[in-house]
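**Student:** have a look at this prediction, sequence included:
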Amino acid sequence: RHPGTAYDVVIISRPANYGRYGKLVRETHSKAAIIYDAEALYFRRTEQRAALTEDGPLKDQMVADAEQMRIDETGYFIDADVVVCISESEASFARSIVDESKIHVVPAQLVGPIYGTKPFSERQDVLLAASWLPGADSPNGDGLTWFVRHVLPHLRRELPSVQLRVTGANPPPEILTLAGPNVQFEGRVNDLRAL
């Protein structure tokens, strides 16, 4: 909105941000190309969460939310000048909506994991390297909750002293309730090799 500020390209990541800023960018920078970094199909995440939810009213709300997200995300694919997806699955969905020339796949890749030299017999514990920025109901939160409830009890029967070590700065309070004798929150870890 500042006079004299002009952008050639604006990258908007994630559907919530596109919903919040896409129209504003079009209005204030009509010549700027907008790249939509889809990152993931959020409506699919919500559909998957609904499928795992047993609470009827909550499930119904999630299904309705997923449908609205699908409509919104479809609109963002249409509005953007270029779309970046991280997998062929997302790109396939995008291609069903817009011309293939708008779609680019840039796979998410770890930067060279470095494997330790200890043999399996000398290793211990389980590590979840997580980001908590998206909150407790993110895939990281759902996955950790599921693991603690459904997998960790089996591991503890075989390995009573096993530790699930969880990284990531500022875990939400709901997630911190999972802490216990076998679940340890490490906070931000600059070098995962130490763990």
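**Tutor:** That came through, no problem. Numbers count the residues shown, from 1 in each chain.
**Student:** which secondary structure element of the chain has the lowest mean pLDDT?
**Tutor:** helix 42-52 (a mean of 87; mean pLDDT, DSSP states H and E).
**Student:** so where's the longest helix in the protein?
**Tutor:** In the chain, ranked by residue count with DSSP state H as the criterion, the top helix is helix 56-79.
**Student:** gap between it and the chain center?
**Tutor:** Relative to its chain's centre, helix 56-79 lies at 16 Å (CA atoms, centre = their mean, to the nearest Å).
**Student:** what's the spatially most central residue of the chain sitting at in phi/psi?
**Tutor:** Centroid-nearest residue in the chain: Pro139, 6.0 Å away (criterion: CA atoms, centre = their mean). As for Pro139, its main-chain torsions (degrees, to the nearest 10) stand at phi -60, psi -40.
**Student:** per-residue pLDDT, it?
**Tutor:** For Pro139, the model assigns a pLDDT of 83.
**Student:** now Phe120
**Tutor:** 79.
**Student:** secondary structure element for the nearest residue to Val162 once chain neighbours are set aside?
**Tutor:** Excluding the flanking residues, the one nearest Val162 by CB to CB, 6 or more residues apart in numbering is Leu155, at 5.0 Å. Any C-beta I mention is one placed from the backbone N, CA and C, and that applies to glycine too. Using DSSP states H and E, Leu155 sits within helix 152-158.
**Student:** so what touches that helix?
**Tutor:** 126, 162, 164, 182-183 (CB atoms under 8 Å, 6 or more residues apart in numbering).
**Student:** low-confidence regions, this structure specifically.
**Tutor:** Across the chain, residues meeting the criterion (pLDDT under 70) sit at 110-114.
**Student:** tell me where it has helices.
**Tutor:** Under DSSP H, the chain gives helices at 15-28, 42-52, 56-79, 88-95, 139-146, 152-158, 173-176.
**Student:** can you give me the angle the first one makes with helix 56-79?
**Tutor:** Orientation check (axes from the mean of the first three to the mean of the last three CA atoms, to 10 degrees): helix 15-28 against helix 56-79 gives 40 degrees.
**Student:** thanks a lot, catch you later.
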